[in-house]
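Participant: Provided below for reference: sequence and predicted model.
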Amino acid sequence: MATYNSFKRITGEAIVDDSITVGDVATDAVATGNIAPNAVETSDINDGAVDTNKLASSLDISGKTVTYRSIVNNDFNNSAITGSKLASGATVDNLGFTPINRAGDAMTGDLVMQDGQLIRSGNSNSGIVFSGATISLREGGSNRLYYDSSGRPVESAKPAWMASGRGGWRYGNNYGGAWSWRELDDMGWNYSTQGGITTSNNCRVTVPTAGYYYCYLQTYWYNDSNSTNGYTHWNIALNGGNGQLVTGRTPHSMYAYGLRNNYAPGIMVAYVRYLNAGQYVTPRPYFGGNQGRHHGNHSLWAGYMVG
């Protein structure tokens with residue numbers, strides 16, 4: 001009886017081309033060593049058959065041409081591309097406009113903002129607000145300078161004051177005696193102030209910031225005797241003193257000189273002067289005798305910062 005070893009082995013020459021089909025090959029019969037080099041070509045691999053699990057972890061494709069689809073947004077992980085990966089000007093070229101550089105570039109064209117928004121720096125409550133036809137300069141949430149729709153400015157923090165006098169007829173003796181300069185400190189002035197103005201000693205107004213100030217005083221006067229000694233000088237004094245002109249003289253107006261038993265023309269004194277922060281101004285008339293008198297209830301003392 002013949003044995004297996006007595007049969008001659010079948011070689012490749014004994015097999016007709018294309019006669020062995022898939023069904024003739026046992027499972028796992030073909031190993032890597034049974035495949036000739038370069039035997040598997042691109043046409044032998046189904047589309048999508050080779051996934052990432054079939055690729056070596058260190059695949060060398062240097063010198064190879066890789067044909068692939070266009071890279072789309074989903075191909076990138078979030079934050080995968082940093083600024084260092086962008087070429088100079090790459091972002092600006094695709095914006096459609098040129099952004100302002102913090103280094104000091106000048107902007108051209110209009111800056112259009114949503115109505116009522118705040119242009120600010122670090123403080124969230126301070127900056128410039130454009131709302132409709134109005135503009136306001138805001139600090140700490142409050143408008144410091146406001147222009148209404150007609151262009152009229154409103155300066156809520158501008159130093160200013162107004163005071164109305166009280167007390168009826170007042171003679172020099174009410175303020176310490178005649179024949180001297182006296183502060184009107186016995187009238188009970190009724191003040192309204194803003195912008196940091198403070199008052200003291202009844203008639204003194206202290207300014208919070210340096211600048212030019214306009215001051216105004218108004219009252220009326222009566223000489224109640226037949227003597228001409230009922231005249232008066234009126235001055236708005238700086239820090240309660242005289243000698244405020246370059247010459248050392250005191251600026252003042254004279255009223256009721258030579259007037260007997262009659263009312264003087266209205267006393268109105270205006271004064272513009274540069275004041276340093278912390279200096280004060282005060283009404284300071286001169287009583288030429290104790291026959292003349294002014295009326296407290298008809299007196300006005302006011303002023304404001306010009307700039």
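Facilitator: Structure's in. What do you need?
Participant: any idea what the residue minimising distance to the centre of the chain is bridged to?
Facilitator: The centroid of the chain falls nearest to residue 127 when counting by Cα atoms, centre = their mean (2.2 Å). Following DSSP bridges, residue 127 is listed with bridge partners residue 120, residue 138.
Participant: pLDDT wise, what is it at?
Facilitator: Predicted confidence (pLDDT) for residue 127: 81.
Participant: domains in this structure, by residue range?
Facilitator: Each domain of the chain is listed here as a residue range: 118-154, 160-305, per automatic domain parsing.
Participant: rewinding a little: doesn't residue 120 make contact with the residue nearest to the centre of the chain?
Facilitator: Yes - in terms of Cβ atoms under 8 Å, residue 127 counts as a neighbour of residue 120; the distance is 3.1 Å. Where you see a C-beta, it was placed from the backbone N, CA and C, and this is true even at glycine.
Participant: so for stretch 43-54, mean pLDDT?
Facilitator: Mean predicted lDDT for stretch 43-54 stands at 81.
Participant: what of stretch 177-191?
Facilitator: Stretch 177-191 comes out at a mean pLDDT of 85.
Participant: can you report how many residues neighbour the closest residue to residue 286 other than its chain neighbours?
Facilitator: In this structure, residue 286 finds its nearest non-sequential neighbour in residue 233, 3.8 Å apart by Cβ to Cβ, 6 or more residues apart in numbering. Other residues lying near residue 233 total 18 when counted by other Cβ atoms under 10 Å.
Participant: partners of the helix or strand hosting residue 233 in the sheet?
Facilitator: Under the criterion of DSSP states H and E, residue 233 resides in strand 232-234. Partners of strand 232-234 in the sheet, by DSSP bridges, are strand 253-255 (antiparallel), strand 286-287 (antiparallel).
Participant: least reliable of these going by mean pLDDT?
Facilitator: Taking the mean pLDDT of the strands paired with strand 232-234, strand 253-255 comes last: a mean of 65.
Participant: mind listing what's buried in stretch 144-163?
Facilitator: The neighbour-count check on stretch 144-163 (16 or more other Cβ atoms under 10 Å) flags 144, 145, 146, 155, 157, 158, 159, 160, 161, 162, 163 as buried.
Participant: distance to residue 294 and secondary structure added to those, as a markdown table?
Facilitator: Supplementary listing: the buried residues of stretch 144-163 in a markdown table, determined by distance: Cβ to Cβ, whole Å; DSSP: H, G, I helix; E, B strand; the rest coil:
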| residue | distance to residue 294 | secondary structure |
| --- | --- | --- |
| 144 | 38 | strand |
| 145 | 38 | strand |
| 146 | 39 | strand |
| 155 | 32 | coil |
| 157 | 33 | coil |
| 158 | 30 | coil |
| 159 | 27 | coil |
| 160 | 24 | strand |
| 161 | 20 | strand |
| 162 | 18 | strand |
| 163 | 15 | strand |
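Participant: mind putting those in CSV, distance to residue 178 and pLDDT included?
Facilitator: Formatted as CSV, those follow (distance: Cβ to Cβ, whole Å; pLDDT from 0 to 100):
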residue, distance to residue 178, pLDDT
144, 46, 74
145, 47, 77
146, 48, 74
155, 41, 75
157, 41, 83
158, 38, 90
159, 34, 94
160, 33, 95
161, 28, 96
162, 29, 96
163, 24, 95
